[in-house]
Structure formats: structure tokens, C-alpha cells
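Asks: build me a model from this:
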Amino acid sequence: MQDSISADNNERADASPFGEASRRVNAGRKLVIYERETGLFAYWYIALRCEEECYRAQRYQRPLSIAVVEPEHTSDTWTVTEQITGALEKRLRKADLPGYLGNARFVLVMPETGQDGALDVLRRIGTDVAEIRWGLAAFPQDGRNFDQLYEIAARRLELEDGV
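Replies: Below is the predicted model:
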């Protein structure tokens, strides 16, 4: 009997304007961290989380890699962007942080992953999506924060050596 009274009270509380407002706030918070086109994390969130992961990597002397991925210049950008999104969902661990930066450019933050492991991940993504290129940077040798690591990875992407 007590359980049914509690359930009734909870239902009424959820139906109240405050319950609805709380649900909307929580839904809004979720939407803000995701980029609408792909459903991956937004740039600002990736940058924030990468800073946290850099701190963790520094403190515990653990590996961390960042990759910048985009379609080949000669490919159908929209189709390959969809394929990359699907491959990231399939190939990354739950601990990895995939983000979409717009203009068909993705960034991957891979905690607990050194350069060799990150290359393995990128090659597996390449088996799903043949028309991609990437640049890779590793903590701490290439940089100690998101901006430094991203800059190195993006530069390597443009040089097309990847590493």
C-alpha cells in the first residue's frame, strides 16, 4: 500500500510544472554537448574533456592520443562523413571521445592509448571507410594540452603523413 502511495506521489511530482522543467533542463544539457549533424560531441565539450584527460595523463603518467580525421579531398564529403560517424560509433571504446568540428572534420581523444594503439584504431576505422585521412598527436611528446595536441594532429593531417 505504501509503495502505491509513493508511486502516486512521484507521478504527480513528475507531472507538475517543476518536474517538466527539470526534464527539459536535463534534456537541454544533453543536447548542448552533442553536435546536431552527427550526434557526436561538440567541439567545446571535446576541448574541455581533453584538458581533463591531459591532466589525468600527466598526473598518472598514462598515454593519451588525439587524432584529427576527415574525408579525402576527392571523396563525396557527405557520404564519407556519414560513414566516418558510423565507423566511430562501431570502432571506438566507451572511454574514447569522438567529436565533430564541422566541415567534415572529426577529432578523437583516446585516453590510455599510446601512438601505436591509436594507429591501430585509425587503421580499423580505415577498413570501414576507405576514403579518409588523419593526423595523430600523442601526449606528452607532441603537447601537454588540447590546443597543442590538436594543432600538431591537424598539421600532420595537412602534411598527409598522419604521424
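Asks: use CA for all of it now, contacts and neighbours both
Replies: OK.
Asks: going along the chain, name the strands of the protein.
Replies: 64-71, 97-102, 105-111, 132-139 (DSSP state E).
Asks: save those strands as JSON lines, and put in mean pLDDT, distance to residue 89 and mean neighbour count too.
Replies: Output for the strands of the chain, formatted as JSON lines (pLDDT from 0 to 100; distance: least, Cα to Cα, whole Å; neighbours: other Cα atoms under 10 Å):
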{"stretch": "strand 64-71", "mean pLDDT": "97", "distance to residue 89": "14", "mean neighbour count": "27"}
{"stretch": "strand 97-102", "mean pLDDT": "95", "distance to residue 89": "8", "mean neighbour count": "22"}
{"stretch": "strand 105-111", "mean pLDDT": "98", "distance to residue 89": "11", "mean neighbour count": "24"}
{"stretch": "strand 132-139", "mean pLDDT": "97", "distance to residue 89": "16", "mean neighbour count": "25"}
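Asks: can you add distance to residue 52 and give those strands back as CSV?
Replies: Shown next, in CSV, are the strands of the chain (distance: least, Cα to Cα, whole Å):
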stretch, distance to residue 52
strand 64-71, 11
strand 97-102, 12
strand 105-111, 10
strand 132-139, 13
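Asks: ok, which of the ones you listed comes nearest residue 34?
Replies: Residue 34 sits nearest to strand 97-102 of all these, at 8.3 Å, using Cα to Cα.
Asks: what's the closest one packed up against?
Replies: Other helices and strands packing on strand 97-102, by 3 or more Cα pairs under 8 Å, 6 or more residues apart in numbering; DSSP states H and E, are helix 43-60, strand 105-111.
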